[in-house]
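Engineer: just to be clear, the model below is a prediction. Sequence and coordinates:
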There are 2 protein chains.
Amino acid sequence: MDPNSNSLPPRVPLGVFCSSEGPDLRTLGVQAKESGQDFLVVPISRPQFKRYLFDEQVDFSLNKELRRTMENWREGNPFSLDDLFLRSVEFADMAVGKISEWIDLDSPDVQIRINSEIAMKQEIAWATHLGLSAVLLPFPNDSAFNYARSVHSILGVLAYTHVWLQVPLILQEQIAETKETITWERWNQFRTLCEHHVKLSIALELTADLPDNYILERWFGEPIKAVIVPTNIFLTNAKGYPVLSRKHQAFVRRLMRIRANFIISDTENRKNTTIGGTSTYQEYLRHLNRTMPELSEVEKFATGYQDYLQSPLQAVYHALLDRVQPNSQEITVIMVVGAGRGPLVTRSLAAAEKANRPIRVYAIEKNPNAFVTLQNMKAEVWGDKVTIAFSDMRRWKAPEKADIIVSELLGSFGDNELSPECLDGAQKFLKEDGISIPANYITYIAPLSSSKLHSEAAAYKDLVHFETPYVVMFQAVTQLADPQIVWKFEHPNKQLVVDDEGNTLTNFHNTRYSKNTFTITDSAILHGIAGFFESVLYKNITMSIHPKTHSEGMFSWFPIFFPLKTPIFLPGNSKINVHFWRLTDSRKVWYEWCVDHSLQIGAKNISLGTSVLHNVGGRSSWIGL
Amino acid sequence: MDPNSNSLPPRVPLGVFCSSEGPDLRTLGVQAKESGQDFLVVPISRPQFKRYLFDEQVDFSLNKELRRTMENWREGNPFSLDDLFLRSVEFADMAVGKISEWIDLDSPDVQIRINSEIAMKQEIAWATHLGLSAVLLPFPNDSAFNYARSVHSILGVLAYTHVWLQVPLILQEQIAETKETITWERWNQFRTLCEHHVKLSIALELTADLPDNYILERWFGEPIKAVIVPTNIFLTNAKGYPVLSRKHQAFVRRLMRIRANFIISDTENRKNTTIGGTSTYQEYLRHLNRTMPELSEVEKFATGYQDYLQSPLQAVYHALLDRVQPNSQEITVIMVVGAGRGPLVTRSLAAAEKANRPIRVYAIEKNPNAFVTLQNMKAEVWGDKVTIAFSDMRRWKAPEKADIIVSELLGSFGDNELSPECLDGAQKFLKEDGISIPANYITYIAPLSSSKLHSEAAAYKDLVHFETPYVVMFQAVTQLADPQIVWKFEHPNKQLVVDDEGNTLTNFHNTRYSKNTFTITDSAILHGIAGFFESVLYKNITMSIHPKTHSEGMFSWFPIFFPLKTPIFLPGNSKINVHFWRLTDSRKVWYEWCVDHSLQIGAKNISLGTSVLHNVGGRSSWIGL
């Protein structure tokens, strides 16, 4: 989560394309600052730099002099000052470089390919020397292997500068029958070849036609750093001002949310001799940004850190009403296991008061620091109604049995914070007809595309981080299918077998295995598996972080992400099986996961392979018992 | 290459299956030694060990006592002595363990799954404790994810013991329409889940019907450690003895070549109460082994290390005949560039004598130690006919120009030992109409499946070894398609552009890029790319390590192997594009490679993704200029 986020939409960074045929950078820079531009996209070199890229194929055995000139350039002569549009560091802080348009890295002519690579490297090296934050590169054609290789070889040596690859939402030359995912597939191939390099990101180019929403959705799993807005996609409103269609507006606002840089591309005036020409478009974008709906509560991660406690209060209240007749003098014994600093104790007391039922509360806590707070709370707030005990609930000797056990041990994956094991241990001091709050929890998974989350795991360059689940706010992600149930735990566990002291024997009954099948209609890349939980606290009082049933205004849990070591490319009409295990030995609990995928062609199912098993034997991540 | 290999076929290790219902291991062991068995495949435990695997689903909430018994066992009680067939280390050195047949790791019943895993771990831990060399595991069913996971978790903790997975060539239950690759696919899924672990190998089970030869071929790319020969696949010859069909014989002999252990499975007498019953089969297998054809010359890597020099001698001889009239007094200047210890000088002198043409020879060598040998050779053998020069040929100032340049700078990939760069450098002292021997070299590639080669690269657990080509004798490999031309170099290079001193300028003219498309009919796993060369020394005198045109009796070059970081599963009817680059900067030459693959469905071509680029910028392997 971004700790600086707040509910005011941040100012959107705006820029504009400039041509080398217009004023020089100093003039442009001054104009830009006056007209409120944040940055300029400018050519690194002038067209004359092309002189070494011979337009026609040359037979060098006939023209050795020409070849010698070229060889001298290839040896690495510096730019001449006249070659450069971006000549000095002045205004470099507001410039994004653009490589020369004549560079063609997949030309069938080997001389053009070689010289293009040298020219691109020279331009980008200059941009890096000036400390530019980014360089804009054109969209690759459909077999841009040499382009990708050349870019990859540069990515490794960039210091501060990033590479933005221009990617249109829809291809201009795209023919009717071409699938809408084609530009994504081309991007995906390019960045796969570049090993998902963190310095390679997208400058997404909006188009007059937008693809279907579910195609738009997938871009949010990708590293978008910039958005190119051509002026010819604007409509003109009644007052003659440029506006965007509603669908464009919605998409642009979502792109503003992920803090993209916006670049206006003046399609009417490609030479762009002045900056002013785009000001009405620019004002419109600023207007869209200012009038953005407030961030939702969950996105804000508002300060209301305690709000999740409303549901347990309700649950205890209703359990008390159901269990004890009105005006009965019967005292209900409530045990809060894993009491922490006491919020559930306070809520239980409040619930009892609201229900008008007498209670006696035990608060069990094993953390010595939290226990100090509990002692304070008892002394200053709760008084005699509450007995506090310093112990692990699995080993505590209860002085009496409980009517209601209340706990808050759920993790984002439901059972990933040992709730099953702890509540098994507490079950021995719950009456035969006692109530467990929560009564159950169900774990859900969904296939996820998120180059951001994958890059973050990959950045560690080790196995452990690919075999460790991450609890993380999902921002740059695309969920590839609806979540499905993986498994469920119920409390009290009627199947539990205990020894004479009421202790559970082995923990094997808390192991689980599940295979879930998902259908993926459009081609996509699978980076990992998202996890969620739903829990019934008591009867119809539930808590959920499942996207479709998410408890309103509850901010306590982010989803969990299980990465895959190698991202899996899924062609359209893929079927994936996600295998998940919850495993245990005497010392720990852990998860393992793997994915196999296949292609559906009519009635046929063609296997496309299997991932490795992740976290075998809990080698990388586990929870200690 | 195995340094111990020699032309006598080594004794084939033979074993037999034993049942726990027959005599005890000591009796079996004595019988086995007497009857010449090398090892026995024996059950680790007796059937009674099954008692904790309840045949029927038990409702443990109704029968808690039973559950408690089970839980106690699950906690990890030791075997009782009566449970074990393999009781002590006595004869353990000749035993291969076999896990209990009732173990079912993919049962729909969770209790059976859990207990099967515990039982398997217990049995294998015992086998490891006894120091058994291997444990035999049954063939997985078609969704054996939990089985694979359980095995993987064991592979990591095995000390000395290996796991052999039994894999039939053809499934018994295989129906007519099932493709012949099904058992390979299942094996491939299993070992992929196990991350290609080096301790997991195959016990290949022969079947009465054998699949097509090209399906048999693929098994040689896999880690076969044992071969199971059921007695019911034998035919009976005129004398009443068991024999194998010709096709079986040929396959068995190839399996003997890769040093597999052979296990006879007595299908008539499953209880196998005595060892003697299989002796006729055993003798037959020993006979097949003894009467194996001699290893081919290349496989022996015979001592004739100099034989490749026959071709250069022929080439120089014919070049002299073509260039100089008989009885002419014209002296031909031959320069041997990269003379080493002088063999090509000696051969050139021999060729001149044979051709009866006077020559003057220059021998240029930059290695100081080799140059000492050259000085010796000149003093003691060659005399005045030969001038020796200590220099890099690219920098040598020649006293005169050469009629013929002779060199031996070829690598397995043709140009991978800087032959293009060195011969460019030497070209300045070759006459305008001079001859270069070799005249050209062509590089070929083919897609390769070889779990052995991949494991060897993977064993280093780093990036460098996946981005380094290996020159290696191909033994456990399957070539998935015929080789194709990648690129070619010619000498003298008519296109070469040099400065006033005759030095080449940049080296960009020696860069290459090639995309080769291969069609893969049957499903397979691609581990890397094989490389070969063909060279024309002079006119029709050639050298080749291309499998189809390999120079007879030439042992000087093994093929080259370029690994892929992640093996690629190729479904049947795949198309792969292999992209190869030869690249250069001012200090080095290197290769980069990547593979993209797709599926052909009728006229449609469905992309299945792209590998990463290997060795970007020569980061892992290169040749210094």
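Structural biologist: Good, I have the coordinates.
Engineer: from residue A:564, how far off is the closest residue to residue A:169 other than its chain neighbours?
Structural biologist: Excluding the flanking residues, the one nearest residue A:169 by CB to CB, 6 or more residues apart in numbering or on different chains is residue A:207, at 4.7 Å. Where you see a C-beta, it was placed from the backbone N, CA and C, and this is true even at glycine. Here residue A:207 is placed at a distance of 32 Å from residue A:564 (CB to CB, to the nearest Å).
Engineer: residue A:441: neighbour count?
Structural biologist: Neighbour count for residue A:441, taken as other CB atoms under 10 Å in any protein chain shown: 26.
Engineer: now do the same contact list for it.
Structural biologist: A:410, A:414, A:415, A:419, A:488, A:489, A:533, A:534, A:535, A:536 (CB atoms under 8 Å, 6 or more residues apart in numbering or on different chains).
Engineer: please pick the buried ones from the residues you listed.
Structural biologist: A:410, A:414, A:415, A:419, A:489, A:533, A:534, A:535, A:536 (16 or more other CB atoms under 10 Å in any protein chain shown).
Engineer: of those, list those near chain B.
Structural biologist: Among the buried ones among the contacts of residue A:441, proximity to chain B is found for none (CB under 8 Å from any CB of the partner chain).
Engineer: which of those lies closest to chain B?
Structural biologist: Nearest to chain B out of the buried ones among the contacts of residue A:441 is residue A:489 (CB to the nearest CB; 13.8 Å).
Engineer: narrow the contacts of residue A:441 to those in strands?
Structural biologist: A:488, A:489, A:533, A:534, A:535, A:536 (DSSP state E).
Engineer: so which of those residues comes closest to residue A:373?
Structural biologist: residue A:535 (25.5 Å; CB to CB).
Engineer: so, low pLDDT: which residues of the stretch 201-350 of chain A?
Structural biologist: Applying pLDDT under 70 to the stretch 201-350 of chain A flags the ranges A:269-276, A:294-309.
Engineer: if we can go back for a sec, more neighbours, residue A:207 and residue A:564?
Structural biologist: Set side by side, residue A:207 and residue A:564 show more neighbours around residue A:564, with 23 against 19, by other CB under 10 Å.
Engineer: chain A: helices as residue ranges?
Structural biologist: Here chain A has its helices, by DSSP state H, at A:25-34, A:64-74, A:110-129, A:145-155, A:182-193, A:213-218, A:246-257, A:279-290, A:297-300, A:310-323, A:343-355, A:368-377, A:419-426, A:451-458.
Engineer: name the helices or strands packed onto the fifth one?
Structural biologist: Helices and strands in packing contact with helix A:182-193 are listed as helix A:145-155, strand A:162-168, strand A:200-205, strand A:560-570, strand B:604-610; criterion 3 or more CB pairs under 8 Å, 6 or more residues apart in numbering or on different chains; DSSP states H and E.
Engineer: center of chain A - which residue?
Structural biologist: residue A:476 (3.5 Å; CA atoms, centre = their mean).
Engineer: what's the burial count for the residue nearest to it when sequence neighbours are not counted?
Structural biologist: Closest residue in space to residue A:476, ignoring its immediate chain neighbours: residue A:452 at 4.0 Å, by CB to CB, 6+ apart. Applying other CB under 10 Å, we find 20 residues neighbouring residue A:452.
Engineer: same deal with residue A:453?
Structural biologist: 22.
Engineer: returning to that earlier point: thought the residue nearest to residue A:169 was touching residue A:180?
Structural biologist: No - in this structure, residue A:207 is not within contact of residue A:180 by CB atoms under 8 Å, at 11.2 Å.
Engineer: could you tell me which residues touch both of the two?
Structural biologist: Common neighbours of residue A:207 and residue A:180 (CB under 8 Å, 6+ apart) are residue A:170.
Engineer: let me know the closest of the ones in strands among the contacts of residue A:441 to residue B:244.
Structural biologist: So of the ones in strands among the contacts of residue A:441, ranked by how close each gets to residue B:244 (CB to CB), first place is residue A:488, at 55.2 Å.
Engineer: the closest one touches residue A:439, doesn't it?
Structural biologist: No - shown here, residue A:488 and residue A:439 do not form a contact pair, counting by CB under 8 Å, at 10.9 Å.
Engineer: show me the contacts for the closest residue in space to residue A:254 that isn't next to it in sequence.
Structural biologist: Excluding its sequence neighbours, the residue lying closest to residue A:254 (CB to CB, 6+ apart) is residue A:220, at 7.2 Å. Applying CB under 8 Å, 6+ apart, we find residue A:220 in contact with A:254, A:258, A:475, A:476, A:477, A:478.
Engineer: what's the answer for residue A:443, then?
Structural biologist: A:413, A:414, A:415, A:485, A:486, A:487, A:488, A:531, A:532, A:533.
Engineer: just curious, which of the residues you listed is nearest to chain B?
Structural biologist: For the contacts of residue A:443, the nearest to chain B is residue A:487 (10.7 Å; CB to the nearest CB).
Engineer: confidence score at that closest one?
Structural biologist: Reading off the confidence values, residue A:487 has pLDDT 97.
Engineer: straight-line length of stretch A:550-565, end to end?
Structural biologist: End-to-end span of stretch A:550-565 (CA to CA, to the nearest Å): 29 Å.
Engineer: buried set for that stretch?
Structural biologist: For stretch A:550-565, by 16+ other CB under 10 Å, it's A:550-551, A:554-565.
Engineer: filter those residues by proximity to chain B?
Structural biologist: Within the buried residues of stretch A:550-565, nothing lies near chain B by CB under 8 Å from any CB.
Engineer: pull the contacting residues for the residue of the stretch 101-250 of chain A found nearest chain B.
Structural biologist: Using CB to the nearest CB, the closest approach of the stretch 101-250 of chain A to chain B is made by residue A:153 at 4.2 Å. Counting by CB under 8 Å, 6+ apart, residue A:153 touches A:121, B:616, B:617.
Engineer: repeat that for residue A:282.
Structural biologist: A:14, A:16, A:35, A:36, A:37, A:264.
Engineer: roughly how far apart are residue A:367 and chain B?
Structural biologist: 29 Å (CB to the nearest CB, to the nearest Å).
Engineer: who's in contact with that residue?
Structural biologist: Residue A:367 touches residue A:340, counting by CB under 8 Å, 6+ apart.
Engineer: and if you look at residue A:227?
Structural biologist: Contacts of residue A:227 by CB under 8 Å, 6+ apart are A:203, A:204, A:205, A:206, A:252, A:255, A:260, A:261, A:262, A:263.
Engineer: can you tell me how far it is from residue A:189?
Structural biologist: From residue A:227 to residue A:189 the distance is 22 Å (CB to CB).
Engineer: interface residues of the stretch 351-500 of chain A facing chain B?
Structural biologist: Going by CB under 8 Å from any CB, the residues of the stretch 351-500 of chain A near chain B are A:494, A:495, A:497, A:499.
Engineer: that older thread, between the contacts of residue A:441, which sits nearest residue A:343?
Structural biologist: Nearest member of the contacts of residue A:441 to residue A:343, counting by CB to CB, is residue A:410, at 14.4 Å.
Engineer: residue contacts, that closest one?
Structural biologist: A:417, A:419, A:438, A:441, A:533, A:535, A:543, A:557.
Engineer: report the closest residue of the stretch 401-550 of chain A relative to chain B.
Structural biologist: residue A:505 (3.6 Å).
Engineer: which one is that residue nearest to, not counting chain neighbours?
Structural biologist: residue B:71 (3.6 Å).
Engineer: same list (the residues of the stretch 351-500 of chain A next to chain B) but as JSON lines, adding neighbour count and pLDDT.
Structural biologist: What follows is those, written out as JSON lines (neighbours: other CB atoms under 10 Å in any protein chain shown; pLDDT from 0 to 100):
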{"residue": "A:494", "neighbour count": "8", "pLDDT": "86"}
{"residue": "A:495", "neighbour count": "12", "pLDDT": "81"}
{"residue": "A:497", "neighbour count": "19", "pLDDT": "82"}
{"residue": "A:499", "neighbour count": "12", "pLDDT": "82"}
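Engineer: so which of the residues you listed comes closest to residue B:99?
Structural biologist: Closest to residue B:99, out of all of those and judged by CB to CB, is residue A:497, at 27.4 Å.
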